[in-house]
Every structure is written in C-alpha cells, then in structure tokens.
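**Q** no FASTA, just this:
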C-alpha cells in the first residue's frame, strides 16, 4: 500500500498501517495538540449562562391526606414547584393540623406556612365563644379599673364583642343556667318568647343545628357539647331571605394601630325559603333559618346556576 500521494501534513495526522501501534498513539497525541492549538486561536464569544430559576419547594411531610392532591398540583407546574419531604425544609410548609408546627419556633425569610397555627381550634364553637367572652371581660376590666367594678359577665354566659355578640351559653358547663333561662322563657307571652339556637362544638355544614324555645323542643335533647345563643329574630334580609357574607380578613397586631388585610374574594350564601319570624310553626324550616349551602342545596327550591 503506497502513501506517496499523501502530503506531509496528512502523514502527520493519519498513521501508516505499516507502523507499530505505539507510533499511532504518538501521532494521535500530536494531532490532538494541533486541534487544541487551532481552537485556542479562534475568537471565542463569551456566553453568559442563564441563571437557573429557583423552584418553590412545597414541604409535604405533614400534609397527610392532602399529600396526593399537593403532588398532583406540583406536577402540573414542573420547574416552578417541587416537592420537599424533609421536615422544616422548603419554602411552603404544608400542614392540615396545627400540631404539625410544634417545635417550629422560627421561620426563615423565604418560608411560610399553609395555615395560621391555632385556627382549627378557633373554628370550634366552644373555644371561639370562650375567646370572645374572655376578650370582652378583659376590655371591660380595663375600662372599669378606676371604678373598681368587675366585668359583670356572669362566668361564661354573657354579651361580648361590643354588642354584636349575642348572649351565649357554653355547654355542658352552663347547662344549669340555660335551664333556668328556658324556664323563664316558658313563662313569657308568645309575642315576647325568645328563640335559641344550638350549635355542636365541632359541627359543620349545618349538621346538628337546632332552633328551640323550650327545653323539650322536638329535635333538641338539652345535652351535648356546643354553644347555645339567643337567636336574632329580626335579621337583615335580601329579597325576603336570610343571607350571610363571608369576608376573609387578616388582622395583624392589636390596640390603636392594627394592620388589616381583606381578601378580594368572598362568599355570599342565601336561604332558599322566605324568612318568617321564628315560631312553633316554622322552627323546623332549616332552609329559611340557616344559610348553609349544604342545607339549601338539598332543598326543592334551590336554583343551581350554570356556573355551579
């Protein structure tokens, strides 16, 4: 095989098949050095690497039953959200119970929690009533310090919240006081009879709520853990129906300079049936007295919108 037609430059790069392999390796190294020299002589434009966007890491270690939904939501936005499973790590610490934050004493600047610790307890009727009454006791005591007067709240029974909070009995501790009130109510004339509403402590969606005027009212056993309040017989109406507005507010601080944040979105709930003042004839009409969606959506007169 003749290589006479090859130039010297070609021979310096390509080995001859008649040469030993050690010579091939030497020529290969020489060729590689030449390529490196050539590349080094070429003008190179500096390329700035794009900074990798940091993902928002969602900690699911305490999410329990919500874990599957969170993982699904995280998967919908790859590169934006990613899952973190080490307790205390990540940007969003997701929990379904306040106890998950036990031992967590301080958040970093780039961290937040999925719920305010203690909110689940405040959603329980008895604890919320106690907080309202206790707050009113403290305010009254501060105002009456100079006069040396007490709060006049009468234990856990009383009016609170500057007039908008109705008289409340917390059961079972106020059972005797409630029975005394009901006996007194039984002696009132029909036009002046008061109506009371019982709400179970941990109930939701209207379950277990009962309106009554006497202790032996059908549907009310007189026992259980919950709160009883005076029912407001003259509520504000919309087209003749009871309604409520859920406006979500976050208050930071207290005293003369609190910071208040109001959510742009809220919920309006309406009763299906027209409202009538409570009496023996209509206390059982839940869809006229209670605005709970779960109750009114099951009523025959419920008009479901096309938007759901």
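**A** All right, it came through fine. Remember, predicted model here, so these are calculated numbers, not experimental data.

**Q** CA atoms for contacts and neighbours, from now on please.
**A** Fine.

**Q** confidence score at the residue nearest in space to the middle of the chain?
**A** Nearest to the mean C-alpha position of the chain, by CA atoms, centre = their mean, lies residue 115 at 5.2 Å. As predicted, residue 115 sits at a pLDDT of 80.

**Q** Repeat that for residue 307.
**A** 63.

**Q** The spatially closest residue to residue 282 that is not a sequence neighbour in helix, strand or coil?
**A** Excluding its sequence neighbours, the residue lying closest to residue 282 (CA to CA, 6 or more residues apart in numbering) is residue 276, at 7.7 Å. Counting by DSSP: H, G, I helix; E, B strand; the rest coil, the backbone at residue 276 sits in coil.

**Q** Same check on residue 263?
**A** strand.

**Q** can you check residue 82 too?
**A** Classified using three-state DSSP, residue 82 is strand.

**Q** is it true that it touches residue 74?
**A** Yes - at 6.1 Å, residue 82 counts as touching residue 74 under the criterion of CA atoms under 8 Å.

**Q** what separates the residue nearest to residue 282 from residue 57, distance-wise?
**A** Noted for residue 276: a distance of 53 Å to residue 57, by CA to CA, to the nearest Å.

**Q** For the protein, give me the ranges with low pLDDT.
**A** In the predicted model, the chain carries pLDDT under 70 at residues 1-53, 103, 136-162, 218-219, 222, 306-308.

**Q** Just want the phi and psi numbers for residue 271.
**A** For residue 271, the backbone dihedrals (degrees, to the nearest 10) come out as phi -80, psi 150.

**Q** give the contact list for the closest residue to it other than its chain neighbours.
**A** In space, and not counting its chain neighbours, residue 271 is closest to residue 291: 5.0 Å by CA to CA, 6+ apart. Counting by CA atoms under 8 Å, 6 or more residues apart in numbering, residue 291 makes contact with 242, 243, 244, 269, 270, 271.

**Q** What lies in contact with stretch 230-244?
**A** Stretch 230-244 has contacts (CA under 8 Å, 6+ apart) with 166-168, 194-197, 268-275, 277-278, 288-291.

**Q** Which members of these are classed as buried?
**A** When the contacts of stretch 230-244 are checked for burial by 16 or more other CA atoms under 10 Å, the buried set is 166-168, 194-197, 270-273, 275, 278, 288-291.

**Q** related to what we said a few turns ago, kindly indicate which of the contacts of residue 291 lies nearest residue 135.
**A** Closest approach between these and residue 135, by CA to CA: residue 244, at 24.3 Å.

**Q** Am I right that that closest one sits in a helix?
**A** No - checked against three-state DSSP, residue 244 lies outside a helix; its state is strand.

**Q** Pull the number of nearby residues for it.
**A** A count of nearby residues for residue 244, using other CA atoms under 10 Å, gives 16.

**Q** Quick check: it vs residue 292, distance?
**A** 9 Å.

**Q** overlap in contacts of those two?
**A** In contact with both residue 244 and residue 292: 269, 270, using CA under 8 Å, 6+ apart.

**Q** What residues of the helix or strand where residue 295 lies count as buried?
**A** Assigned by DSSP states H and E, residue 295 falls within helix 293-296. Under the neighbour-count criterion of 16+ other CA under 10 Å, helix 293-296 has 293, 295, 296 buried.

**Q** Would you enumerate the residues in contact with the first one?
**A** Under the criterion of CA under 8 Å, 6+ apart, the contact partners of residue 293 comprise 205, 269, 270.

**Q** likewise the second one?
**A** For residue 295, the residues meeting the contact criterion (CA under 8 Å, 6+ apart) are 205, 206, 286, 287.

**Q** Could you do the last one as well?
**A** Counting by CA under 8 Å, 6+ apart, residue 296 makes contact with 271, 272, 287, 302.

**Q** do residue 55 as well
**A** Per CA under 8 Å, 6+ apart, neighbours of residue 55: 79, 80, 81, 82.

**Q** what about 10 Å?
**A** 77, 78, 79, 80, 81, 82, 83, 90, 91 (CA atoms under 10 Å, 6 or more residues apart in numbering).

**Q** What separation is there between it and residue 293?
**A** Using CA to CA, residue 55 is found at 38 Å from residue 293.

**Q** now do residue 135
**A** 31 Å.

**Q** Tell me the secondary structure at residue 126.
**A** From three-state DSSP, the assignment for residue 126 is helix.

**Q** number of nearby residues for it?
**A** Residue 126, neighbours per other CA under 10 Å, totals 23.

**Q** Surely it touches residue 202?
**A** Yes - applying CA atoms under 10 Å as the test, residue 126 and residue 202 come out as touching, 8.5 Å apart.
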